[in-house]
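Sharing a model prediction with you, sequence too.
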Amino acid sequence: MLRILNKIWHTGTVTERRPRDAEIERFGKQVKRAIDRRFRGSLAIRQVDAGSCNACELEIHALNNPYYDIERFGVHFVASPRHADVLLVTGPVSRHMETALRRTWMATPSPKFVIAAGNCACDGGEFGVSYASCGAVENVIPVDVKIPGCPPTPRDLLWGILAAIDVKV
């Protein structure tokens, strides 16, 4: 035990420093100004997986890591659509998620924004409309902003959030 503590003491903290990315900082400041103006300092997002392969979710989770740290700009992810300002939907809407997505949209208080993230959410992707898929999110609920990409990068997602909240400001 003492050997391990001694090694920790001599090694110190070994972590990477977050590099300053000017583009992220610029987008982030724009998002923060729009959030302060429109939502009084805090934007709540409810992420809905409507049948995706989870690649988009990995990029969405990257927004919360120390590199992007979207919370410093006032953007928070919430567990309930009743607390959300924005629905961030990924994947083609599978038939078994169609009703759940509609109910989630209806439970979100107005004014609400819907962002379709990823090619599958934007146009149905390679799945399209079939016996098992409704295709694009806009086939089920109205969409304000589409973020293409397979998957979209965290920068694209940040831009999409800015576009959504500035659309109706």
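All right, it came through fine.

from here on, contacts and neighbour counts on C-alpha atoms
Noted.

Could you look up the SS state of the most centrally placed residue in the chain?
Compute the mean C-alpha point of the chain, and by Cα atoms, centre = their mean the closest residue is residue 60, 4.7 Å away. Following DSSP: H, G, I helix; E, B strand; the rest coil, residue 60 is assigned to helix.

Correct me if wrong: it contacts residue 156.
No - using Cα atoms under 8 Å, residue 60 is not in contact with residue 156; the gap is 10.2 Å.

what about the helices in this structure?
2-11, 22-39, 55-62, 95-107, 119-123, 154-167 (DSSP state H).

could those helices be laid out in CSV, adding mean pLDDT and distance to residue 143?
Output for the helices of the chain, formatted as CSV (pLDDT from 0 to 100; distance: least, Cα to Cα, whole Å):
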stretch, mean pLDDT, distance to residue 143
helix 2-11, 81, 51
helix 22-39, 81, 19
helix 55-62, 92, 17
helix 95-107, 94, 11
helix 119-123, 92, 9
helix 154-167, 83, 10
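
Which of these sits closest to residue 134?
helix 95-107 (6.0 Å; Cα to Cα).

Give the other helices and strands that the closest one contacts.
strand 133-135 (3 or more Cα pairs under 8 Å, 6 or more residues apart in numbering; DSSP states H and E).

Convert stretch 22-35 to CSV, retaining C-alpha atoms only.
Below are the C-alpha coordinates for stretch 22-35, written out as CSV (Å, rounded to 0.1, in the frame of the first residue of the first chain):
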residue,chain,number,x,y,z
ALA,A,22,-11.1,29.1,-31.1
GLU,A,23,-14.0,27.9,-33.2
ILE,A,24,-15.6,26.1,-30.3
GLU,A,25,-15.1,29.1,-28.1
ARG,A,26,-16.7,31.4,-30.7
PHE,A,27,-19.7,29.1,-31.2
GLY,A,28,-20.0,28.6,-27.5
LYS,A,29,-20.1,32.3,-26.8
GLN,A,30,-22.8,32.8,-29.5
VAL,A,31,-24.8,30.0,-28.0
LYS,A,32,-24.4,31.5,-24.5
ARG,A,33,-25.5,34.9,-25.7
ALA,A,34,-28.6,33.5,-27.4
ILE,A,35,-29.4,31.3,-24.4
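
Contacts for it, please.
Outside of stretch 22-35, the residues within contact range by Cα atoms under 8 Å, 6 or more residues apart in numbering are 41-43, 68, 70, 73-74, 155, 158-159, 161-162, 165-166.
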